[in-house]
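Q: Here is the input, now give the coordinates:
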Amino acid sequence: MEAPKIIVAVRKRPLSKKEMKEGQKDIVEVQGNTVILREPRVKVDLTRFMEEFTFNFDAAIDQFCSNEELYKSLVQPMVQAAINGTKITCFAYGQTGSGKTYTMLGDQNVVGIYTLAAFDLFQMVPNAISISVSFYEIYCSKLFDLLNDRQQLVAREDAKGQVNIAGLSECKVNHVQEFLKTVDMGIKSRVTAQNSVNQDSSRSHAILQINLRQSNKMIGKLSFIDLAGSERGADVVEYHRQTRIDGAEINKSLLALKECIRALDLNKNHTPFRGSKLTQVLKDSFTGNCRTLMIGTISSCHKDAEHSLNTLRYADRVKELRTPQSSNAADQLARELMLPRQYNMNNQFFDGHSAPRSISPPKLFELDEKEEDEIVYHEPNKNLNLKDKHEELIQKILNEERALKTAHRDHIDDLVDLTKEDMKLLQMYNQPNSIVEDYVDELDRVLSLKIGLIKKLKSRLQQFKQHLMDEQDLSLQCQTHFYQKQHQN
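A: Numbers count the residues shown, from 1 in each chain. You can find the predicted model right below:
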């Protein structure tokens with residue numbers, strides 16, 4: 001029997017000592033491949049009740065399962081497949097603090113699946129096959145090399161449709177200790193930032209690639225991806241603008257990742273790799289002979305019920321993509337990732353509107369094939385709610401920021417050229433018999449060009465500053481609207 005292309009697993013983490021000390025309750029139960037979440041709720045009349053949610057997955061892993069047991073059952077067969085030429089992708093998804101990094105990396109006392117895979121590779125591969133490592137992160141649609149002092153990278157697609165990351169370091173490793181040292185160096189370079197869930201929340205996607213080569217030809221590849229924390233907009237709305245932008249970018253990439261997995265599992269002719277930088281750089285991992293493992297990590301703590309439920313729904317949606325669905329059903333989860341759930345007296349879904357409604361997906365802006373990094377926006381919808389407007393404005397700010405930096409570099413180049421003209425002008429008209437009127441006219445021309453360049457860049461800057469202020473105002477409106485609804489319910 002042919003191995004499935006996609007395996008979806010969910011792992012429950014136990015209550016921490018701090019949570020047990022606080023009196024937090026374990027609300028998640030694992031029965032075989034079934035995960036049951038029992039969320040405590042309060043009705044309008046203050047009657048307490050328990051709402052139960054049940055999900056089935058390819059594998060459900062309880063709090064008693066070790067990293068090594070998880071690895072042997074789910075990852076080890078894929079490592080063997082990689083040696084035989086299959087492209088393997090394994091990613092961990094979930095709320096910050098739910099065990100993603102522990103599963104992937106482990107801690108001081110426990111090894112993660114990165115290391116376990118490395119041990120197996122060095123034992124399994126023949127001497128003729130070399131092993132090398134690349135490690136980079138995606139932060140706000142920018143790529144940074146974690147093995148080369150966080151040098152910024154550029155992803156380009158060649159004529160054959162292959163995506164290449166220009167300048168990405170690739171370190172050859174000869175034994176497990178060298179592998180661990182290389183990975184540790186990259187981890188120390190990752191971007192973290194504070195949010196309401198975790199004081200040290202990772203705000204980037206970290207991609208560790210293990211490349212297998214024979215005679216300089218790639219014969220297999222394993223990609224281990226520690227995704228950024230899946231905090232919703234409600235968790236970052238109180239923080240500074242950069243944190244809000246991080247959250248919007250993370251949400252966009254998670255939606256794009258789900259869409260690519262959906263297209264892969266349904267054997268669609270077109271896979272939307274250009275939906276985000278994350279899916280663009282993983283393009284070759286989703287094409288040809290490939291297998292994917294998704295590990296959704298959830299907290300068992302009742303204070304994290306909302307986040308755990310969102311993770312379970314996301315994982316369940318990925319699993320259900322094996323059968324065709326309507327686009328509305330397939331995209332329903334995307335909105336839940338970033339919007340707080342609120343209920344009226346009949347327990348109907350609210351998302352900050354005056355009346356219950358169905359959940360619609362966030363905008364996935366189409367990329368113009370002619371411009372690699374330029375996002376082409378559809379006509380703005382005047383009927384967008386506050387959340388949609390905020391997400392659209394953040395996308396606009398991200399693109400304007402890139403354009404502003406490019407314009408600034410061009411401005412500097414132009415000024416350098418004009419400065420050279422200035423120097424020639426002085427030298428030329430410092431000679432005997434030079435005509436002062438010609439000197440004045442030429443100097444006036446050069447100064448006018450400089451003023452024009454400055455005005456042009458200043459205009460672009462003013463527009464960008466206005467959009468930053470608009471984002472601040474819109475964020476406050478979203479926050480006010482959210483707390484008003486929360487108070488009403």
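Q: how about the closest residue to residue 258 other than its chain neighbours, what does it touch?
A: Closest residue to residue 258 apart from its sequence neighbours, by CB to CB, 6 or more residues apart in numbering: residue 318 at 6.0 Å. For every residue, glycine as well, the C-beta is placed using N, CA and C. When contacts are counted by CB atoms under 8 Å, 6 or more residues apart in numbering, residue 318 is found next to 6, 8, 258, 261, 262, 294.
Q: now residue 116
A: 67, 68, 71, 75, 76.
Q: residues touching the last one, list them.
A: This means residue 76. 116, 120.
Q: For it, grab phi and psi.
A: phi -60, psi -40 (degrees, to the nearest 10).
Q: and residue 260, how far is that from residue 164?
A: To residue 164, residue 260 is 19 Å away according to CB to CB, to the nearest Å.
Q: For the stretch 351-489 of the chain, just list every one of the helices.
A: Taking DSSP state H, counting those that start in this stretch as the criterion, the stretch 351-489 of the chain contains helices spanning 386-428, 436-488.
Q: Just to be sure, the residue nearest to residue 258 is in a strand?
A: No: judged by DSSP: H, G, I helix; E, B strand; the rest coil, residue 318 forms no part of a strand; its state is helix.
Q: What separation is there between it and residue 91?
A: Distance of residue 318 to residue 91, computed by CB to CB: 11 Å.
Q: Check residue 16 too.
A: For residue 16 relative to residue 91 (CB to CB), the value is 24 Å.
Q: quick one: residue 138 is in a strand?
A: Yes: Residue 138 forms part of a strand when assessed by three-state DSSP.
Q: Just confirm it contacts residue 279, I think it does.
A: No: using CB atoms under 8 Å, residue 138 is not in contact with residue 279, being 10.2 Å away.
Q: Show me the common contact partners of those two, please.
A: The contact sets of residue 138 and residue 279 overlap at residue 253 (CB under 8 Å, 6+ apart).
Q: So for these two, which residue has more residues nearby?
A: Neighbour count, other CB atoms under 10 Å: between residue 138 and residue 279, residue 138 has more, with 27 against 24.
Q: Lowest-confidence entry in the contacts of residue 318?
A: Lowest pLDDT within the contacts of residue 318 is found at residue 262 (64).
Q: tell me the centre residue of the chain?
A: In the chain, the centroid-proximal residue (CA atoms, centre = their mean) is residue 250; its distance is 4.0 Å.
Q: and residue 315, backbone torsions?
A: phi -60, psi -40.
Q: So it versus residue 454, what's the distance?
A: 53 Å.
Q: can you list the domain ranges for this protein.
A: 6-340, 386-488 (automatic domain parsing).
Q: And the helices in the stretch 101-250 of the chain?
A: 113-124, 176-187, 233-236, 241-265.
Q: what's the least confident stretch among those?
A: Mean pLDDT per stretch puts helix 233-236 lowest among these, at a mean of 43.
Q: Setting the sequence-adjacent residues aside, check what's closest to residue 87.
A: Spatial nearest neighbour of residue 87, excluding adjacent residues (CB to CB, 6+ apart): residue 290 at 4.3 Å.
Q: shaky segments in the stretch 1-150 of the chain?
A: For the stretch 1-150 of the chain, the stretches with pLDDT under 70 are 1-2.
Q: quick revisit: go ahead and confirm the residue nearest to the centre of the chain touches residue 228.
A: Yes: counting by CB under 8 Å, residue 250 touches residue 228, with 4.6 Å between them.
Q: Find the helix or strand that residue 291 is a member of.
A: Taking DSSP states H and E as the definition, one finds residue 291 inside strand 290-299.
Q: do the same with residue 88
A: In this structure, residue 88 sits in strand 87-94 according to DSSP H and E.
Q: tell me which residues in that strand are buried?
A: 87, 88, 89, 90, 91, 92, 93, 94 (16 or more other CB atoms under 10 Å).
Q: okay, how far is it across stretch 41-61, tip to tip?
A: End-to-end distance for stretch 41-61: 26 Å, by CA to CA, to the nearest Å.
Q: now swap in stretch 51-65 and tell me
A: End-to-end for stretch 51-65, by CA to CA: 26 Å.
Q: do the same with stretch 9-20
A: 26 Å.
Q: Okay, buried residues for that stretch please.
A: Buried residues in stretch 9-20, counted by 16+ other CB under 10 Å: 9, 10, 11, 12, 13, 14, 15, 19.
Q: Return the member of these nearest to residue 206.
A: Nearest to residue 206 among those is residue 11, at 18.2 Å by CB to CB.
Q: Identify the bridge partners of the closest one.
A: Per DSSP bridges, the residues bridged to residue 11 are residue 61, residue 297.
Q: Tell me who's in contact with it.
A: Going by CB under 8 Å, 6+ apart, the list of residues near residue 11 reads 61, 65, 70, 99, 103, 295, 296, 297, 298.
Q: among the residues you listed, which ones are buried?
A: Buried subset of these (neighbour count, 16+ other CB under 10 Å): 61, 70, 99, 103, 295, 296, 297, 298.
Q: I figured the last one was touching residue 92, is that so?
A: It stands for residue 298. No: look at residue 298 against residue 92 with CB under 8 Å: they stay out of range, at 11.3 Å.
Q: coming back round to it: quick one: which of residue 260 and residue 164 has more around it?
A: residue 260 (25 against 13).
Q: Nearest residue to that one in space, please, no chain neighbours.
A: Residue 260's closest residue in space is residue 279 (CB to CB, 6+ apart), at 4.8 Å.
Q: Checking the one you found next. Helix, strand or coil?
A: Quick answer, by three-state DSSP: residue 279 is helix.
Q: Identify the bridge partners of residue 35.
A: Residue 35 has these beta-bridge partners by DSSP bridges: residue 30, residue 55.
Q: From residue 261, how far out is it?
A: Distance of residue 35 to residue 261, computed by CB to CB: 19 Å.
Q: One more: residue 221?
A: Counting by CB to CB, the gap from residue 221 to residue 261 is 18 Å.
Q: Looking at the two, which is more packed in?
A: Using other CB under 10 Å, the more surrounded residue of residue 221 and residue 261 is residue 261, with 24 against 20.
Q: Please tabulate the contacts of residue 11 in a markdown table, including the columns distance to residue 399.
A: Listed next are these as a markdown table, based on distance: CB to CB, whole Å:
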| residue | distance to residue 399 |
| --- | --- |
| 61 | 40 |
| 65 | 44 |
| 70 | 40 |
| 99 | 34 |
| 103 | 34 |
| 295 | 33 |
| 296 | 31 |
| 297 | 32 |
| 298 | 34 |
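Q: and the closest residue to residue 443 other than its chain neighbours, how many neighbours does it have?
A: Excluding the flanking residues, the one nearest residue 443 by CB to CB, 6+ apart is residue 425, at 6.3 Å. Residue neighbour count, defined by other CB under 10 Å, stands at 16 for residue 425.
Q: who's in contact with residue 425?
A: Residue 425 sits next to 439, 442, 443, 446 when contact means CB under 8 Å, 6+ apart.
Q: give me that answer again for 7 Å
A: 442, 443, 446 (CB atoms under 7 Å, 6 or more residues apart in numbering).
Q: And residue 4, its phi and psi?
A: Per degrees, to the nearest 10, the backbone of residue 4 is at phi -70, psi 150.
Q: Could you report the distance from it to residue 273?
A: For residue 4, the distance to residue 273 - CB to CB - is 21 Å.
Q: Comparing the domains of the chain, which comes out most buried?
A: For the domains of the chain, average neighbour numbers computed from mean count of other CB atoms under 10 Å are highest in domain 6-340, which has a mean of 18.
Q: quick one: the residue located most distally from the centre of the chain from residue 18, how far?
A: Distance from the C-alpha centroid of the chain, by CA atoms, centre = their mean, peaks at residue 433 (66.4 Å). Using CB to CB, residue 433 is found at 86 Å from residue 18.
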